[in-house]
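S.K.: below: sequence and its predicted model.
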Amino acid sequence: LAGLGARAEAFACDAADPEALAATLRQVRATMPPIRGVVQAAATLADGAAATLDPARAQAVLRAKLGVAEALDAATAGDPLDLFLLFGSAVVAVGNPGQAAYVAANAALEALARRRRAAGRPAQVIAWGPIADAGMLAGDAATATILRRRLGAAPLPAAEALAALPALLAAGPPVIGHARLAWGEARTALAVLAEPCFEAVRDAAPAMAADGALANRLRSLPEAEALALLRDALAAELGRILRLPPASIAAEAPLGGLGLDSLGGMELRLGLEQRLGMPVPLAAVTETLTLDALARRLAEALRGAPAPDAAASALVGAHEPADPAVRAA
């Protein structure tokens, strides 16, 4: 920043604490030019399924996003601001299974921006898609890979995203998004994209078709042959995810022992749903889950759709961290 001719100083405080923030802003006002712009880029995560979300777990996520934004909104009410910029997320528009609190926190930022605009004050939320080399995904290659495979969500380099910022600010609306998504792939995983507001992207990117022919063939085969074909399909998906030769995956080997974690399990379920065109009864990756056991579950599901309660439980299990320490985070 100094090389660009700007004077930069760092002031540390808990920005969600109104008193601490007020004290810090008094220092800024006493030692620097008038405050003209505010950027809120803080975030934290406590992932889990919406059905198991509790107030304590959601509070940390809401505090980092909405708590800081509300504190800045109140503390800078008397400053001559030209910019009040909030870093949001594209997940508000399309959802993200397993991140209920994060989606809600970013939705709250959008509400705050609209409220400020209605009062004649500057505000804008940029609903960013994944960023490759800075922020939360920079050190989480596994999640970035899942987003890319599931939704075709290609993380943007930070420099490319920020280069678009002047145009996004000039565009004017209180909420505007910037993300790179493969809409055809996303439609397979996100039911919300069937809603009327996504008609334009649906027309531009037809959905990936599920392989209904495979499911029909499995239903027509004798049980032993159907199980053999399901084992082959499972081995192919597991080989893709784990980067192993499908033939090396033994039918009785525990999938957790092969390196399949909860994120990999979610990707396996989605991949199988795309192949079969039906819900897959995979709630979680356990120590006893084997390729053969999962093939038998799929065979049973093919003979009859799972009950609604079972389907709901499977969805919750797929997106809920199994580690108690994660639950308490």
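M.R.: In hand now; what should we look at? Numbers count the residues shown, from 1 in each chain.

S.K.: which residues touch the most centrally placed residue in the chain?
M.R.: Nearest to the mean C-alpha position of the chain, by Cα atoms, centre = their mean, lies N96 at 4.2 Å. N96 is in contact with 102-103, counting by Cβ atoms under 8 Å, 6 or more residues apart in numbering. To be clear about C-beta, it is placed using only N, CA and C from the backbone, and glycine gets the same treatment.

S.K.: over to it. Which of the three states is it?
M.R.: coil (DSSP: H, G, I helix; E, B strand; the rest coil).

S.K.: against E110, how distant is it?
M.R.: 15 Å (Cβ to Cβ, to the nearest Å).

S.K.: check R231 too.
M.R.: From R231 to E110 the distance is 46 Å (Cβ to Cβ).

S.K.: likewise L4?
M.R.: From L4 over to E110 (counting by Cβ to Cβ), the distance is 31 Å.

S.K.: pick out whichever of the two has more residues nearby.
M.R.: Legend: neighbour count by other Cβ atoms under 10 Å for L4 and E110, higher for E110 (19 against 6).

S.K.: elements contacting the host helix or strand of the more buried one?
M.R.: Per DSSP states H and E: E110 is located in helix 100-118. The contact analysis (3 or more Cβ pairs under 8 Å, 6 or more residues apart in numbering; DSSP states H and E) places helix 100-118 against helix 55-62, helix 68-75, strand 83-89, helix 91-94, strand 124-128, strand 175-178.

S.K.: quick check: which of those is nearest to V39?
M.R.: strand 83-89 (4.7 Å; Cβ to Cβ).

S.K.: tell me what that closest one is packed against?
M.R.: strand 37-40, helix 68-75, helix 100-118, strand 124-128.

S.K.: what's the distance between the residue nearest to the centre of the chain and A158?
M.R.: From N96 to A158 the distance is 20 Å (Cβ to Cβ).

S.K.: how many residues are close by the closest residue to Q27 other than its chain neighbours?
M.R.: Distance criterion Cβ to Cβ, 6 or more residues apart in numbering; nearest residue to Q27, sequence neighbours excluded, is F11 at 6.2 Å. Residues lying near F11 (other Cβ under 10 Å) number 13.

S.K.: in a helix, that's where F11 is, yeah?
M.R.: No: F11: not assigned to a helix; according to three-state DSSP it is coil.

S.K.: that older thread, tell me which residues in the helix holding E110 are buried?
M.R.: 100-110, 112-113, 116-117 (16 or more other Cβ atoms under 10 Å).

S.K.: and which of those residues is nearest to A186?
M.R.: Of the buried residues of helix 100-118, the one sitting nearest to A186 (Cβ to Cβ) turns out to be V103, at 15.1 Å.

S.K.: for that closest one, what are its contacts?
M.R.: V103 touches 89, 91-92, 95-96, counting by Cβ under 8 Å, 6+ apart.

S.K.: ChimeraX command to pick out the buried ones of those residues?
M.R.: The buried residues among those can be selected in ChimeraX (16+ other Cβ under 10 Å) with this line:
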select :89,91,92,96
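
S.K.: how about R115: what's its closest non-neighbour residue?
M.R.: In space, R115 is closest to A123, 7.9 Å off (Cβ to Cβ, 6+ apart).

S.K.: ok, that neighbour to A69 distance?
M.R.: 9 Å.

S.K.: and if you look at Q27?
M.R.: For Q27, the distance to A69 - Cβ to Cβ - is 21 Å.

S.K.: correct me, but A20 touches R26?
M.R.: No: here A20 does not reach R26: they are 10.9 Å apart, not a contact under Cβ atoms under 8 Å.

S.K.: between those two, who's got more neighbours?
M.R.: A20 (14 against 11).

S.K.: the more buried one in helix, strand or coil?
M.R.: helix.

S.K.: now it: how far from L258?
M.R.: Remark: distance between A20 and L258 (Cβ to Cβ) = 48 Å.

S.K.: D133: neighbour count?
M.R.: If you count neighbours by other Cβ under 10 Å, D133 ends up with 13.

S.K.: three-state assignment of it?
M.R.: Under three-state DSSP, the three-state class of D133 is coil.

S.K.: just the pLDDT for it.
M.R.: The score at D133 is 82. That number is its pLDDT.

S.K.: give me the more crowded residue out of Q27 and A69.
M.R.: A69 (28 against 12).

S.K.: so that one sits against L109, correct?
M.R.: Yes: between A69 and L109 there is a contact under Cβ under 8 Å: 5.7 Å.

S.K.: give the intersection of the neighbour lists for the two.
M.R.: Common neighbours of A69 and L109 (Cβ under 8 Å, 6+ apart) are 40, 86.

S.K.: compute the distance between the residue nearest to the centre of the chain and A49, please.
M.R.: 12 Å.

S.K.: check which helix or strand the residue nearest to L294 when sequence neighbours are not counted maps to.
M.R.: The shortest distance from L294 to any non-neighbouring residue, by Cβ to Cβ, 6+ apart, is to L234 (6.1 Å). Following DSSP H and E, one finds L234 within helix 223-242.

S.K.: what's next to stretch 107-117, contact-wise?
M.R.: Under Cβ under 8 Å, 6+ apart, the answer for stretch 107-117 is 40, 62, 65-66, 69-70, 73, 84, 86, 88, 92, 122-125, 127, 174-175.
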